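Student: here's my sequence, what's the structure:
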Amino acid sequence: MPKHSCSALLLRNIEKGLGTIEVLLVCELSLSNEYKDDWRWALAGGKCCDSKLGGNCCSETPEKTVVRECKEETGYDVIPKKLVSVEDKISSGTGVRYQRFVFVGVIVGGEPLRKKVFAQETPKWFPLNQLPRNLFASHRRSIKNFCLSI
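Tutor: From the prediction side, this is the model:
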């Protein structure tokens with residue numbers, strides 16, 4: 001079980017004002033039974049565990065986790081600029097405690113992966129006022145809370 005999970009708020013057009021801001025989301029398989037769809041939209045991110053090591057938690061810092069996960073899921077090179085939230089969580093499956101970090105990140109290089117997941121092109125930019133209905137609720141809250149602060 002991870003000691004932490006991390007997500008990145010990757011935004012563009014922020015300098016043009018709230019009405020023009022877009023957020024980068026990735027399409028992924030939903031492992032939760034609470035959703036009707038097999039897939040969900042999410043902020044780029046993931047856990048610090050290395051599945052190649054049998055799921056044991058690695059020694060990555062949250063910043064290194066978010067950089068690695070953004071590259072794996074989006075193709076972009078990202079620098080975490082600002083930590084915007086930390087939540088203590090409990091895994092619904094195992095009851096193990098971990099922390100969830102959300103960073104605002106800046107894209108500094110790379111190219112989008114342009115892959116298809118459940119017939120959806122991913123990653124994909126969404127205007128803040130047109131977020132997909134099947135965006136993870138916790139990710140929707142993170143986006144909303146950050147946008148209220150700018």
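
Student: bridging residues for Ala42?
Tutor: With DSSP bridges as the criterion, Ala42 is bridged to Val26.

Student: do the same with the one 5 residues further on
Tutor: Taking DSSP bridges, one obtains Ser5 as the residues bridged to Lys47.

Student: next helix or strand past the helix or strand of the chain with the lowest mean pLDDT?
Tutor: Ranked by mean pLDDT, DSSP states H and E, the weakest helix or strand in the chain is strand 115-117, scoring a mean of 86. Next helix or strand after strand 115-117 toward the C-terminus (DSSP states H and E): strand 120-122.

Student: now the helices for the chain?
Tutor: 62-74, 137-148 (DSSP state H).

Student: how about CSV for those, with mean neighbour count, mean pLDDT and distance to Gly45 added?
Tutor: Using the backbone N, CA and C atoms, a C-beta is placed for each residue, glycine as well. Listed next are these as CSV, based on neighbours: other C-beta atoms under 10 Å; pLDDT from 0 to 100; distance: least, C-beta to C-beta, whole Å:
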stretch, mean neighbour count, mean pLDDT, distance to Gly45
helix 62-74, 21, 95, 5
helix 137-148, 15, 90, 9
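
Student: chain neighbours aside, what residue packs nearest to Ser142?
Tutor: Val102 (4.8 Å; C-beta to C-beta, 6 or more residues apart in numbering).

Student: pretty sure that neighbour sits against Pro62.
Tutor: No: Val102 is beyond contact range of Pro62, at 9.7 Å (criterion: C-beta atoms under 8 Å).
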